[in-house]
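In: Using only what follows, build the 3D model:
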Amino acid sequence: MRELLEARESFWEYRILMNPRFVLRGQWFPRSLARKLRKFWDDFKAGKRPVLLLETPPQHGKSLSVIDFIAWAVGHDPHLRVIYTSFSDRLSIRANLRMQRALDNPVYQRIFPETQISSKGSGTALRNYDILEFLDTDGYFRNSTVLGSITGEALDIGVVDDPLKGRVEANSLNIRDKVWMWLTDDVFTRFSEQGALLMIMTRWHVDDPAGRLIDHFGDRVTIARYPAIAEEDEKYRRAGEPLFPELKSLEFLELRRKTMTHGSWEALYQQSPIVVGGGIFPLEKISIVPERPAAKDVVRVARYWDKAGSAGSGAYSAGVLMLRMRDGTFVVADVRRGQWSALDRERVIRQTAMTDHEIYPTTKVYLEQEPGSGGKESAEASVRMLAGYAAEADRVTGSKETRADPFAAQWQAGNVRLVAAPWNKDYLDEHEHFPTGKYTDQVDASTGAFNKTASKYRYDSTLAWV
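Out: This is a model prediction of the structure:
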């Protein structure tokens, strides 16, 4: 009897009692999720009209948690009118069936004897794949699809589970506008005076429905964001640790990360939306060549370094080797990239200069000079370290996007090729997401190298052109 009372009062205890085979007790993540949902319920009952965004990785139990929560909530108040929507019929029907199983469960009936649905085939109240009516009340659980019709219905709690199917829909302004119009015109107009909204979604885009909700409701929105791998030390885990290792181990997550683009990983698993593609560096315009071109076919060579401020800052240093070919095209022949200490970085830069000079003796090294005296001193120190090789500091001006324009134009024209190598994936990934991606070091270095090799005039100390 005691455990029934605890399950009635505590959503967390309810989940444990109703899901004995699901590993919950002792795990901080599902308990944290339960606290967020309980707070949502308390705010709803207090008339605060809460808006909660749940952002968690796939296959971590967020949808099951929400369905369990709705079952617990209607147990407390069978007069609740709940509408649950998802992007597909299959998912919305699955939610309906889980609700039916919960309310039919003898344990549930002992916890919440006031909340009942009709027996299958009895016809005393509607019970089908679209709606569950609670006996002797005006409450119900109605499920539908995003953009589906819910006119004529009223709702106290609205649940929107993944309003966008994926990257393609998220990148379509037309679809984002349609979904937002459906939310504002169809869903929001159904709310009761104290109506509350619970949205579960992958943050594919900064302008997705979640982003617009944040802009629209401001401080009323509670964001529960759970990255698959911790980005920094948190209360219950350290940076680099997985969210729910009993479900998805760190090894599993790292394998997923290796097979995905940076943008997809950040959206699906880290809940950090990135605007992908901007059209600046379209991947379909690039081609891969099997090996480095022979020196006789190259007319100009530059290795350009974009140096990170310090080790452990999260930024990368990158050096891109760019070749201008006799036919007027450009080849990215090599990329060196890492998060090195200042000493290690300088060592890598010098060793790379030696290697470049052996293959392409006319290679010139450029080092980006950041604004300020510190940037000037760092670039000059690197130039001195490269004594014996052609090297100079390059003081950059203007925005990254403006500097990238000439290189992007040649890329878009199909005039840029890459030498096949392990660095290709990260290199293309970063260019695909520029300028909104997390990193820009390879783009910056490529831009600098291109601008040096493509320059119409260069200083020739031999005066051979006279």
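
In: Not counting residues beside it along the chain, what's closest to residue 133?
Out: Excluding the flanking residues, the one nearest residue 133 by C-beta to C-beta, 6 or more residues apart in numbering is residue 125, at 4.0 Å. Glycine gets a C-beta too; all of them are placed from N, C-alpha and C.

In: Let me fix that, I meant to ask about residue 339.
Out: Closest to residue 339 by C-beta to C-beta, 6+ apart is residue 316, at 5.7 Å.

In: Kindly list the main-chain dihedrals of that neighbour?
Out: Note on residue 316: its backbone torsions stand at phi -110, psi 150 [degrees, to the nearest 10].

In: swap in residue 417?
Out: According to degrees, to the nearest 10, residue 417 has phi -130, psi 160.

In: please begin residue numbering at 54 from this point
Out: That works, and once the first residue is 54, the last one we named lands at residue 470.

In: Can you classify residue 269 as helix, strand or coil?
Out: For residue 269, the assignment made with DSSP: H, G, I helix; E, B strand; the rest coil gives helix.

In: Roughly how far does it sit from residue 207?
Out: 21 Å (C-beta to C-beta, to the nearest Å).

In: residue ranges of the helices in the stretch 304-453 of the chain, please?
Out: Remark: helices assigned in the stretch 304-453 of the chain by DSSP state H, counting those that start in this stretch are 315-321, 395-412, 425-438, 453-465.

In: what packs against the shortest one?
Out: In other words, helix 315-321. Helix 315-321 makes packing contacts with helix 220-223, helix 477-486 when contacts are defined by 3 or more C-beta pairs under 8 Å, 6 or more residues apart in numbering; DSSP states H and E.

In: Just the residues contacting it, thanks.
Out: 110-111, 220, 223, 255-258, 309-310, 313, 325-327, 329, 479, 482-483, 485-486, 490-492 (C-beta atoms under 8 Å, 6 or more residues apart in numbering).

In: chain center to it: distance?
Out: From the chain centre to the centre of helix 315-321 is a distance of 4 Å (C-alpha atoms, centre = their mean, to the nearest Å).

In: Name the residues of stretch 370-382 that are buried.
Out: For stretch 370-382, the neighbour count (16 or more other C-beta atoms under 10 Å) marks 370-378, 382 as buried.

In: Oh, that last question was meant for stretch 336-354, not what I typed.
Out: Buried positions in stretch 336-354, judged by neighbour count with 16+ other C-beta under 10 Å: 339, 345-346, 351, 353-354.

In: How far does that stretch sit from its chain's centre?
Out: Relative to its chain's centre, stretch 336-354 lies at 33 Å (C-alpha atoms, centre = their mean).

In: what mean pLDDT does it have?
Out: Per-residue pLDDT over stretch 336-354 has a mean of 92.

In: so how far is the first residue of that stretch from its last?
Out: End-to-end distance for stretch 336-354: 24 Å, by C-alpha to C-alpha, to the nearest Å.

In: hang on, the earlier thing: ranking the helices of the stretch 304-453 of the chain by burial, who's on top?
Out: helix 315-321 (a mean of 21; mean count of other C-beta atoms under 10 Å).

In: okay, the most centrally placed residue in the chain: pLDDT?
Out: Centroid-nearest residue in the chain: residue 320, 1.9 Å away (criterion: C-alpha atoms, centre = their mean). Per-residue confidence at residue 320 stands at 82 (pLDDT).

In: Among the buried residues of stretch 336-354, which lie within strands?
Out: Of the buried residues of stretch 336-354, the ones assigned to strands by DSSP state E are 351, 353-354.

In: quick one, strands of the chain?
Out: Going by DSSP E, the chain shows strands at 104-108, 134-139, 184-186, 193-198, 208-214, 244-253, 274-278, 340-342, 351-359, 370-378, 383-391, 417-422, 444-448, 469-472.

In: Listing partners with orientation, what would you give for the longest one?
Out: Looking back up the chat, that one is strand 244-253. According to DSSP bridges, strand 244-253 forms sheet pairs with strand 104-108 (parallel), strand 208-214 (parallel).

In: Contacts for it, please.
Out: 93, 96-97, 100-107, 109, 115-116, 119, 134, 207-216, 240, 262-263, 266.

In: Spit out the contact partners of residue 61.
Out: By C-beta under 8 Å, 6+ apart, the residues touching residue 61 are 67, 128-129, 164-165.

In: Same question for residue 111.
Out: Residue 111 makes contact with 255, 321-322, according to C-beta under 8 Å, 6+ apart.

In: what's the pLDDT at it?
Out: Confidence score, pLDDT, at residue 111: 86.
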